[in-house]
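>>> Please work out how this folds:
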Amino acid sequence: MRSVCPSPVLILSCFLLLLVFCLPVEAGPQTNEDAQKVLETIDRIQREQDPASERTLRTVVVSERELNAYIAYRIETEQEEIMKELSLKLLPENRVEGKIFIDLSGRKIPFFIKRQMDIYFAGILETEETEGPKARIRVESLFLGEQRIQPALLDMIIRTIAKIENAEPMNIEDWYDLPYGIRKLETRLGGLVVSY
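This is a model prediction of the structure:
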């Protein structure tokens with residue numbers, strides 16, 4: 001069964017990790033072994049959900065390599081038109097670094113927005129359970145190419161793209177609901193720890 005994937009604007013605006021891991025897709029013949037491991041992990045998490053019982057949390061670790069393979073697989077199979085590349089580096093203490101390549105070629109955009117952009121970021125992955133499990137990445141540094149920029153500039157770019165794509169505008173530091181009963185996300189060197 002194939003689910004409808006969120007728009008690239010949504011994936012970009014919540015900075016990757018939260019929705020990159022969010023919707024299952026069926027494995028195809030082009031799925032590499034690392035991406036397949038993530039697809040199987042998502043399937044296992046969904047199968048093990050039992051809303052009627054109060055069980056202790058289980059955890060599973062997805063390696064940085066597997067997560068990046070899964071991201072590349074999703075970008076390829078979803079034929080993303082805007083976000084052409086996304087790679088993440090997972091560090092201890094919930095630190096995340098990443099690179100996104102955005103291609104706006106062929107779209108009517110304001111003259112001050114570049115058609116192709118490499119965006120680099122570093123931040124802290126945060127989760128909370130006050131009103132249901134949510135997560136976000138609190139951005140600490142953000143670069144457009146080699147130029148350091150303020151998050152407000154990227155928010156403006158996201159709003160512009162959202163308007164072009166008729167999508168709901170968001171901010172890069174918004175909180176997002178965690179899918180399938182996932183309660184917490186943590187990072188360690190080279191791995192994402194998923195508690196469910």
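>>> Spell out, range by range, the strands that occur in this structure.
Using DSSP state E, the strands of the chain run over residues 59-63, 83-91, 95-103, 116-128, 134-144, 147-148, 176-177, 184-188, 191-195.
>>> Relative to N166, which of these is closest?
strand 83-91 (17.0 Å; C-beta to C-beta). Where you see a C-beta, it was placed from the backbone N, CA and C, and this is true even at glycine.
>>> ok now the closest one, how far from the chain's centre?
8 Å (C-alpha atoms, centre = their mean, to the nearest Å).
>>> Pull out the buried residues from it.
Going by neighbour count (16 or more other C-beta atoms under 10 Å), the buried part of strand 83-91 is M83, L86, L88, L90, L91.
>>> before we move on, what about stretch 135-144?
Using 16+ other C-beta under 10 Å as the test for burial, stretch 135-144 gives A135, R136, I137, V139, L142, L144.
>>> Then stretch 97-116?
G98, I100, I102, L104, I109, I113.
>>> from the residues you listed, which two are the most distant?
G98 and I109 (22.7 Å).
>>> how about CSV for the buried residues of stretch 135-144, with distance to V60 and pLDDT added?
Formatted as CSV, the buried residues of stretch 135-144 follow (distance: C-beta to C-beta, whole Å; pLDDT from 0 to 100):
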residue, distance to V60, pLDDT
A135, 16, 88
R136, 21, 88
I137, 20, 87
V139, 26, 89
L142, 30, 92
L144, 34, 90
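>>> Name the nearest of these relative to V194.
Nearest member of those to V194, counting by C-beta to C-beta, is A135, at 10.7 Å.
>>> Would you quantify the distance from the closest one to S195?
11 Å (C-beta to C-beta, to the nearest Å).
>>> got it, and L90?
15 Å.
>>> how about low-confidence regions in this structure?
Within the chain, the stretches with pLDDT under 70 are 1-31, 51-54.
>>> and if we set it to 50?
For the chain, the stretches with pLDDT under 50 are 1-19, 22-24.
>>> thinking again about what came up before, now the strands of the chain as JSON lines including distance to R47?
Shown next, in JSON lines, are these (distance: least, C-beta to C-beta, whole Å):
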{"stretch": "strand 59-63", "distance to R47": "12"}
{"stretch": "strand 83-91", "distance to R47": "25"}
{"stretch": "strand 95-103", "distance to R47": "28"}
{"stretch": "strand 116-128", "distance to R47": "22"}
{"stretch": "strand 134-144", "distance to R47": "22"}
{"stretch": "strand 147-148", "distance to R47": "44"}
{"stretch": "strand 176-177", "distance to R47": "20"}
{"stretch": "strand 184-188", "distance to R47": "19"}
{"stretch": "strand 191-195", "distance to R47": "14"}
